[in-house]
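> got a sequence here, can you model it:
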Amino acid sequence: MKNDRSPESAVNTRPKLAHQQLGSGPDVVLVHGLAANRAFWYPLATALSTQYRVTLYDLRGHGYSERPTNGYSAMDHGQDLLQLLDDLGVEEAAVVGHSYGGSAALEAVLLQPQRFSHLALMDTRVQRLQSELRLHDVGQLTAFEQAVARQDGGDWASETEVGFRFLEAAARNRVAGIELEAGGEFVPFGEGRGALRAAKQWLGLLDDTSLRADFRVPGAAAEAYAGLRQPTLLMYPSHSRSGATATRLQALLPRARLVNLPQSGHFFPVTHPAQVRAEVESLLRIA
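Predicted structure coming up:
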């Protein structure tokens, strides 16, 4: 597959990806975002598995997948997805991606559009369309984010990847045993047996791999989006920080439908599972 991958990732070989499948029927693949793992999708996967064969997997460097030192751009992750489909013998699938997982899904669809019947992107920010996320772009900070910013004490005004930095700061607080007031909202690395392990794993990715640089690598040119003919669901919070991406995608993708979810945050697939399930099932019924 020809692409404009970064020099760091060009020498990378495909890692082994931890995965599992549920149910039987037409294929659906669920792709989680950064600092998460396939458990993020368990509620939706369980619901869909009554009608579909659902594949969940851990992105490279996440969960129980192998962690190479390089190859963490959205295009690299998209190629990982295509290789996984090859390994599993899946000829065609619908794909659902959250956050950076949506960027990976989009790159895979652009590389081999014939392999994908439907596409759903959940609060995905695409670097090609929205290259920065600064503090003045994010609107009002949640109670947890305010607490993280106070604890961090750094120069947030000049930060060009505010969301990425929040994720790192939250992980470092979790590893250090610092508990911050979350105000009842869902927070990464917040609780559960695997939370500390996930936080340490995320920091290892930041410190020991090329992920920081690869995250900023833009994917395919925006002009390529017009060639996609898959029914596409764009699901975003009403006040999404990736709203600029959503607006551009709605204009660029011929069969895209934008759904704004009120009173929700970035992790709405976890906090609003019923609404997500209903929208995904509606998408999958479109021929």
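
> count of residues packed around M75?
Taking other CB atoms under 10 Å as the criterion, the count of residues near M75 is 26. Any C-beta I mention is one placed from the backbone N, CA and C, and that applies to glycine too.

> equivalent analysis for G154, please.
The number of residues packed around G154, counting by other CB under 10 Å, is 11.

> how about Q250?
The local packing of Q250 (other CB under 10 Å) involves 14 other residues.

> what's near enough to touch it?
With contact taken as CB atoms under 8 Å, 6 or more residues apart in numbering, Q250 is in contact with 234, 256, 258.

> and if we set it to 10 Å?
Applying CB atoms under 10 Å, 6 or more residues apart in numbering, one finds that Q250 lies in contact with 232, 234, 236, 256-258.

> can you tell me which of these are buried?
Applying a neighbour-count criterion of 16 or more other CB atoms under 10 Å, the buried members of those are 232, 234, 236, 256, 258.

> closest to H266 among those residues?
Closest approach to H266 among the buried ones among the contacts of Q250 (CB to CB): Y236, at 9.5 Å.

> assumed that closest one was part of a strand.
Yes: counting by DSSP: H, G, I helix; E, B strand; the rest coil, Y236 is located in a strand.

> about what we covered before: now the two most distant members of the contacts of Q250.
Based on CB to CB, the longest span within the contacts of Q250 runs between T232 and Y236 and measures 12.7 Å.

> overlap of the contact sets of these two?
When contacts are counted by CB under 10 Å, 6+ apart, the set common to T232 and Y236 consists of 121, 249-250, 258.

> in helices only, show me those residues.
Using DSSP state H, the members of the shared contacts of T232 and Y236 that fall in helices are 249-250.

> ok, back up a step: ok, the contacts of Q250 vs A274, which is closest?
Sorting the contacts of Q250 by distance to A274 puts Y236 at the head of the list, at 17.2 Å, by CB to CB.

> next secondary structure element downstream of the least confident helix or strand in the chain by mean pLDDT?
Within the chain, confidence by mean pLDDT, DSSP states H and E is lowest for helix 7-10 among all helices and strands, at a mean of 38. Scanning forward in sequence from helix 7-10, with DSSP states H and E defining helices and strands, the next element found is strand 19-22.
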